[in-house]
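**Q** here is a sequence with its predicted model. Questions after.
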Amino acid sequence: QVQLVESGGGSVQAGGSLRLSCAASGRSFSTYVMAWFRQAPGKEREFVAAVTGSDATYYTDSVKGRFTISRDTAKNSMYLQMNSLKPEDTAVYYCAADTRPSGIVSGVTYHYDYWGQGAQVTVSS
């Protein structure tokens, strides 16, 4: 059974930092695109960052310079280091895996076929 499990969410004041982890089990995702999405209350799920099988990274503009995505293929895990957090970063954060053979990074949710259960991140002002 394939599972993605997020951890590391929590509450922090503006300007603080959090590190999210996503542990995969059931199959290896080392050659596939993995990504972080987030969903704030009343809003659609949005792309945050992605890392390819060759460790290229992509970010949405609002988190560039503040968030860093990385992966550890030996641990079949992915991470999101979030610094200089802002109240508008408050959301449920989801990790996702895209097993399409193209390896092209997509910001569209339906291209991702595996999802974690989500981790709440709350940033207070």
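**A** All right, it came through fine. Numbering: from 1, shown residues only.
**Q** residue 81: what's it in contact with?
**A** By Cβ atoms under 8 Å, 6 or more residues apart in numbering, the contact set of residue 81 is 17, 19, 67, 68, 69, 70. Placement of C-beta: from N, CA and C, glycine included.
**Q** now residue 116
**A** If you count contacts by Cβ under 8 Å, 6+ apart, residue 116 has them with 3, 4, 5, 6, 22, 94, 95, 96.
**Q** so who does the third one touch?
**A** Think residue 5. By Cβ under 8 Å, 6+ apart, the contact list for residue 5 reads 22, 23, 25, 116, 117.
**Q** pLDDT below threshold where in the chain?
**A** For the chain, applying pLDDT under 70 flags no range at all.
**Q** tell me the bridge partners for the residue most central in space within the chain.
**A** Central residue of the chain (Cα atoms, centre = their mean): residue 36, 2.0 Å from the mean position. Residue 36 forms beta bridges with residue 49, residue 95, as assigned by DSSP bridges.
**Q** just the buried members of the contacts of residue 116?
**A** When the contacts of residue 116 are checked for burial by 16 or more other Cβ atoms under 10 Å, the buried set is 4, 6, 22, 94, 95, 96.
**Q** identify the farthest-apart pair in those residues.
**A** 6 and 96 (10.2 Å; Cβ to Cβ).
**Q** and stretch 49-63, C-alpha only, in PDB?
**A** Written as PDB, here are the backbone C-alpha positions of stretch 49-63 (Å, rounded to 0.1, in the frame of the first residue of the first chain):
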ATOM      1  CA  ALA A  49       7.000  23.900  -4.600                       C
ATOM      2  CA  ALA A  50       8.200  20.800  -6.500                       C
ATOM      3  CA  VAL A  51      11.400  18.800  -6.800                       C
ATOM      4  CA  THR A  52      12.200  16.600  -9.800                       C
ATOM      5  CA  GLY A  53      14.000  13.200 -10.000                       C
ATOM      6  CA  SER A  54      17.200  15.200 -10.900                       C
ATOM      7  CA  ASP A  55      16.700  17.500  -7.900                       C
ATOM      8  CA  ALA A  56      15.600  20.600  -9.900                       C
ATOM      9  CA  THR A  57      13.400  22.700  -7.800                       C
ATOM     10  CA  TYR A  58      10.500  25.000  -8.600                       C
ATOM     11  CA  TYR A  59       8.600  27.500  -6.400                       C
ATOM     12  CA  THR A  60       5.500  29.600  -6.600                       C
ATOM     13  CA  ASP A  61       6.400  33.300  -6.500                       C
ATOM     14  CA  SER A  62       5.000  34.000  -3.100                       C
ATOM     15  CA  VAL A  63       7.400  31.600  -1.300                       C
END
